[in-house]
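Peer 1: this is a predicted model, with the sequence first.
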2 protein chains.
Amino acid sequence: MHKTRKARLEADGWKVGTAAEFLGLSAEEAAYVEIKLSLARVLKTQRVRRKLLQSELAKLIGSSQSRVAKMESGDPSVSADLLLRSALALGTPRALLARAMRATTRRLPRVRSA
Amino acid sequence: MHKTRKARLEADGWKVGTAAEFLGLSAEEAAYVEIKLSLARVLKTQRVRRKLLQSELAKLIGSSQSRVAKMESGDPSVSADLLLRSALALGTPRALLARAMRATTRRLPRVRSA
DNA sequence: TGAAGGTATGTCAATTCTGACATATTATTC
DNA sequence: GAATAATATGTCAGAATTGACATACCTTCA
């Protein structure tokens, strides 16, 4: 978020921070959802890469289009388990799954030092 | 397995191969159980490293000693999801979880070429 | 504009997972 | 070897996840 925008919002009484802070998640909970979201992205990337429709992937894993949509959108009703099994069914290299477990390091914008 | 033993068993009518072959698992299914077993080992290692009893870890994650035992033994009634959440609750570094996803490379015995 | 193809969202019965309990097995210590 | 501590195994009711269906929401293209 832009620094000035952050300052302005806070001046107006808003708390500004991470999604985890906002939702009151502990560090582990935050890591857990982060990992699920990562797996969701991997799944979608792999499906698209193999040029499959959600409905085709669904058939492949014995599920339904709607559940695949939920998987890819990181819907909380989807377990990491299902994401994992689905990614494997797509033939996702395990190295990619490993990457999904690693903490996301975000490249921060370079700012003038104070 | 020893080569001669393999030959002898096969002569006696046994099929000898990987657990996956024996159980008739597909490659993905095999990878899935391998990953779960890996996570199970990580979990146990981390718990022991923190000098916790199974019952203490259970309390920490709001579960029971018996379920923790099942987790650590790779019981099929335990989802990868629970293993993951429990490992995170123990403060397991995500890099370790990443390692657990990677394929296990087994050091093979050196044999005379045919 | 609207029809078609693809994806998203809401709901729910059925399946699967989970915590809890009882009990068994395996160390460890005296 | 018996008491104690820790872990393992079996079972099951309750909770969570899942596939399926209906339907809504985009895009694209004619």
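Peer 2: Ah, there it is. Because the structure is predicted, anything quoted here is derived from the model rather than measured.
Peer 1: could I get stretch A:93-100 in PDB with only the CA atoms?
Peer 2: The C-alpha trace of stretch A:93-100 is given here as PDB (Å, rounded to 0.1, in the frame of the first residue of the first chain):
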ATOM      1  CA  PRO A  93       6.100 -31.700 -10.100                       C
ATOM      2  CA  ARG A  94       6.700 -32.100  -6.400                       C
ATOM      3  CA  ALA A  95       9.300 -29.400  -6.500                       C
ATOM      4  CA  LEU A  96       6.500 -27.000  -7.300                       C
ATOM      5  CA  LEU A  97       4.600 -28.200  -4.300                       C
ATOM      6  CA  ALA A  98       7.700 -27.600  -2.200                       C
ATOM      7  CA  ARG A  99       7.900 -24.100  -3.400                       C
ATOM      8  CA  ALA A 100       4.300 -23.500  -2.400                       C
END
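Peer 1: what about that stretch, near chain B?
Peer 2: Yes - Stretch A:93-100 reaches chain B (Cβ under 8 Å from any Cβ of the partner chain) through A:94, A:95, A:97, A:98, A:99, A:100. Where you see a C-beta, it was placed from the backbone N, CA and C, and this is true even at glycine.
Peer 1: and that stretch, average pLDDT?
Peer 2: On average, the pLDDT along stretch A:93-100 is 97.
Peer 1: tally of neighbours for the residue nearest to residue A:36 when sequence neighbours are not counted?
Peer 2: Counting by Cβ to Cβ, 6 or more residues apart in numbering or on different chains, residue A:36 lies nearest to residue A:80, which is 5.3 Å off, once chain neighbours are set aside. By other Cβ atoms under 10 Å in any protein chain shown, 22 other residues sit near residue A:80.
Peer 1: and residue A:80, backbone torsions?
Peer 2: Main-chain torsions, residue A:80, degrees, to the nearest 10: phi -60, psi -30.
Peer 1: out of the residues of stretch A:93-100 next to chain B, which end up buried?
Peer 2: Applying 16 or more other Cβ atoms under 10 Å in any protein chain shown to the residues of stretch A:93-100 next to chain B, the neighbour count classes A:94, A:97, A:98, A:100 as buried.
Peer 1: wait, the second one touches residue A:42, no?
Peer 2: What that stands for is residue A:97. Yes - using Cβ atoms under 8 Å, residue A:97 is in contact with residue A:42, at 6.9 Å.
Peer 1: and the most centrally placed residue in chain A, how far from residue A:31?
Peer 2: Chain A has residue A:37 as the residue nearest its centroid, 1.8 Å off, counting by Cα atoms, centre = their mean. Distance, residue A:37 to residue A:31, by Cβ to Cβ, to the nearest Å: 11 Å.
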